[in-house]
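K.L.:
Generate a structure from the sequence data that follows.
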Amino acid sequence: MTPPPETGNARKVQPTLPAVDDGSIDFELIELFFFAYRDFTSDPDAILERLGFGRAHHRVVYFVSRQPGMTIADLLETLQITKQSLARVLKQLIDNGYIRQMAGPEDRRQRRLYPTLSGRELALALSEPQSRRIARATAGMSLAEKETIRRFLSAMRDKKD
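P.N.:
Model prediction:
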(Lines give C-alpha, C1' and ligand atoms only; values in the text may rest on other atoms or scores of the structure.)
Protein backbone atom coordinates (compact mmCIF):
# COMPACT_ATOMS: atom_id res chain seq x y z
CA MET A 1 0.00 0.00 0.00
CA THR A 2 1.43 3.36 -1.02
CA PRO A 3 1.46 6.09 1.64
CA PRO A 4 -0.47 9.27 0.87
CA PRO A 5 1.57 11.99 -0.86
CA GLU A 6 3.04 14.64 1.41
CA THR A 7 1.57 18.11 1.28
CA GLY A 8 3.51 21.37 1.50
CA ASN A 9 3.39 21.93 5.26
CA ALA A 10 3.10 18.31 6.36
CA ARG A 11 5.90 17.03 8.53
CA LYS A 12 7.41 13.72 7.64
CA VAL A 13 5.80 11.18 9.98
CA GLN A 14 7.95 8.38 11.28
CA PRO A 15 6.35 4.93 11.09
CA THR A 16 5.05 3.72 14.44
CA LEU A 17 5.30 0.03 13.60
CA PRO A 18 8.67 -1.63 14.00
CA ALA A 19 10.65 -1.94 10.78
CA VAL A 20 11.54 -5.49 11.73
CA ASP A 21 9.01 -7.92 13.15
CA ASP A 22 10.57 -8.70 16.50
CA GLY A 23 7.53 -10.71 17.62
CA SER A 24 6.26 -8.05 20.02
CA ILE A 25 3.20 -7.36 17.85
CA ASP A 26 0.98 -10.18 16.61
CA PHE A 27 0.46 -8.84 13.09
CA GLU A 28 -1.11 -12.09 11.91
CA LEU A 29 -3.83 -11.97 14.57
CA ILE A 30 -4.43 -8.27 13.93
CA GLU A 31 -4.90 -8.99 10.24
CA LEU A 32 -7.20 -11.92 10.97
CA PHE A 33 -9.34 -9.61 13.11
CA PHE A 34 -9.38 -6.96 10.41
CA PHE A 35 -10.51 -9.36 7.68
CA ALA A 36 -12.94 -11.24 9.94
CA TYR A 37 -14.61 -7.96 10.94
CA ARG A 38 -14.74 -6.78 7.33
CA ASP A 39 -16.44 -9.98 6.23
CA PHE A 40 -18.65 -10.26 9.35
CA THR A 41 -20.11 -6.82 8.65
CA SER A 42 -20.30 -7.12 4.85
CA ASP A 43 -23.64 -8.93 4.63
CA PRO A 44 -25.50 -6.57 7.01
CA ASP A 45 -23.80 -3.59 5.34
CA ALA A 46 -25.31 -4.59 1.98
CA ILE A 47 -28.81 -4.81 3.51
CA LEU A 48 -28.37 -1.51 5.34
CA GLU A 49 -27.11 0.26 2.22
CA ARG A 50 -30.29 -0.67 0.32
CA LEU A 51 -32.26 1.02 3.11
CA GLY A 52 -30.03 4.09 3.23
CA PHE A 53 -28.75 3.10 6.68
CA GLY A 54 -25.31 2.42 8.15
CA ARG A 55 -23.69 0.48 10.95
CA ALA A 56 -24.95 2.88 13.61
CA HIS A 57 -28.51 1.98 12.58
CA HIS A 58 -27.59 -1.70 12.83
CA ARG A 59 -26.30 -1.34 16.37
CA VAL A 60 -29.40 0.55 17.53
CA VAL A 61 -31.85 -1.92 15.94
CA TYR A 62 -29.83 -4.84 17.30
CA PHE A 63 -29.69 -3.70 20.93
CA VAL A 64 -33.25 -2.37 21.05
CA SER A 65 -34.46 -5.71 19.65
CA ARG A 66 -32.37 -7.65 22.16
CA GLN A 67 -33.51 -5.48 25.10
CA PRO A 68 -36.98 -4.09 24.33
CA GLY A 69 -37.92 -1.27 26.67
CA MET A 70 -34.36 -0.07 27.21
CA THR A 71 -34.04 3.62 27.90
CA ILE A 72 -32.18 6.06 25.72
CA ALA A 73 -29.66 6.43 28.56
CA ASP A 74 -29.14 2.64 28.56
CA LEU A 75 -28.58 2.67 24.81
CA LEU A 76 -26.12 5.56 25.03
CA GLU A 77 -24.16 3.67 27.68
CA THR A 78 -24.22 0.42 25.72
CA LEU A 79 -23.09 2.03 22.46
CA GLN A 80 -20.68 4.50 24.11
CA ILE A 81 -21.86 7.33 21.86
CA THR A 82 -23.12 10.87 22.39
CA LYS A 83 -26.76 11.95 22.47
CA GLN A 84 -26.11 14.01 19.36
CA SER A 85 -24.87 11.06 17.30
CA LEU A 86 -27.73 8.84 18.51
CA ALA A 87 -30.41 11.47 17.85
CA ARG A 88 -30.08 11.44 14.05
CA VAL A 89 -29.93 7.64 13.78
CA LEU A 90 -32.79 7.09 16.21
CA LYS A 91 -34.97 9.69 14.44
CA GLN A 92 -34.44 7.91 11.10
CA LEU A 93 -35.32 4.53 12.62
CA ILE A 94 -38.45 5.96 14.27
CA ASP A 95 -39.50 7.86 11.14
CA ASN A 96 -39.06 4.71 9.03
CA GLY A 97 -41.10 2.57 11.42
CA TYR A 98 -38.37 0.33 12.87
CA ILE A 99 -38.30 1.68 16.44
CA ARG A 100 -40.98 3.24 18.61
CA GLN A 101 -40.36 5.46 21.59
CA MET A 102 -42.73 5.45 24.57
CA ALA A 103 -42.85 7.27 27.88
CA GLY A 104 -41.76 5.22 30.89
CA PRO A 105 -44.55 3.82 33.10
CA GLU A 106 -43.22 5.41 36.32
CA ASP A 107 -41.51 8.49 34.92
CA ARG A 108 -43.26 10.00 31.89
CA ARG A 109 -40.08 11.95 31.02
CA GLN A 110 -38.18 8.72 30.55
CA ARG A 111 -38.12 7.42 26.97
CA ARG A 112 -38.20 3.66 26.44
CA LEU A 113 -37.37 2.13 23.07
CA TYR A 114 -39.12 -0.82 21.46
CA PRO A 115 -38.67 -2.47 18.08
CA THR A 116 -41.69 -2.55 15.80
CA LEU A 117 -42.47 -5.72 13.88
CA SER A 118 -40.46 -4.25 10.99
CA GLY A 119 -37.62 -3.48 13.41
CA ARG A 120 -37.54 -7.06 14.71
CA GLU A 121 -37.60 -8.37 11.14
CA LEU A 122 -34.72 -6.05 10.19
CA ALA A 123 -32.70 -7.11 13.25
CA LEU A 124 -33.17 -10.76 12.27
CA ALA A 125 -32.33 -10.11 8.62
CA LEU A 126 -29.08 -8.42 9.70
CA SER A 127 -28.18 -11.10 12.27
CA GLU A 128 -28.97 -14.20 10.21
CA PRO A 129 -26.00 -13.96 7.80
CA GLN A 130 -23.70 -13.22 10.74
CA SER A 131 -25.05 -16.24 12.59
CA ARG A 132 -24.49 -18.43 9.53
CA ARG A 133 -20.92 -17.14 9.23
CA ILE A 134 -20.25 -18.00 12.90
CA ALA A 135 -21.85 -21.44 12.48
CA ARG A 136 -19.63 -22.16 9.45
CA ALA A 137 -16.53 -20.99 11.29
CA THR A 138 -17.26 -23.10 14.37
CA ALA A 139 -18.58 -26.20 12.58
CA GLY A 140 -16.75 -29.24 13.85
CA MET A 141 -15.45 -27.49 16.98
CA SER A 142 -16.00 -29.01 20.37
CA LEU A 143 -17.97 -27.20 23.07
CA ALA A 144 -14.65 -26.53 24.84
CA GLU A 145 -13.20 -24.91 21.72
CA LYS A 146 -16.30 -22.72 21.34
CA GLU A 147 -16.04 -21.74 25.01
CA THR A 148 -12.41 -20.75 24.42
CA ILE A 149 -13.58 -18.41 21.65
CA ARG A 150 -16.20 -16.90 23.98
CA ARG A 151 -13.61 -16.38 26.73
CA PHE A 152 -11.17 -14.83 24.26
CA LEU A 153 -13.75 -12.43 22.82
CA SER A 154 -14.96 -11.51 26.32
CA ALA A 155 -11.39 -10.82 27.39
CA MET A 156 -10.94 -8.49 24.38
CA ARG A 157 -13.71 -6.21 25.68
CA ASP A 158 -12.98 -3.26 27.94
CA LYS A 159 -13.55 -4.15 31.57
CA LYS A 160 -16.24 -1.46 31.95
CA ASP A 161 -18.46 -3.44 29.55
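K.L.:
so who does the residue nearest the centre of the chain touch?
P.N.:
Computing the C-alpha centroid of the chain and ranking residues by Cα atoms, centre = their mean puts Arg59 first, at 5.4 Å. Contacts for Arg59 were tallied using Cβ atoms under 8 Å, 6 or more residues apart in numbering; they are Leu79. C-beta here means a position set from N, CA and C on the backbone, and glycine is covered the same way.
K.L.:
Any stretches of the chain with poor pLDDT?
P.N.:
1-21, 161 (pLDDT under 70).
K.L.:
any idea whether Val61 is helix, strand or coil?
P.N.:
Here Val61 is recorded as helix under DSSP: H, G, I helix; E, B strand; the rest coil.
K.L.:
doesn't Gln92 make contact with it?
P.N.:
No - look at Val61 against Gln92 with Cβ atoms under 8 Å: they stay out of range, at 10.7 Å.
K.L.:
Comparing those two, which residue is more hemmed in?
P.N.:
Using other Cβ atoms under 10 Å as the criterion, Val61 and Gln92 rank with Val61 on top: 28 against 18.
K.L.:
That's all I had, so thanks and see you.
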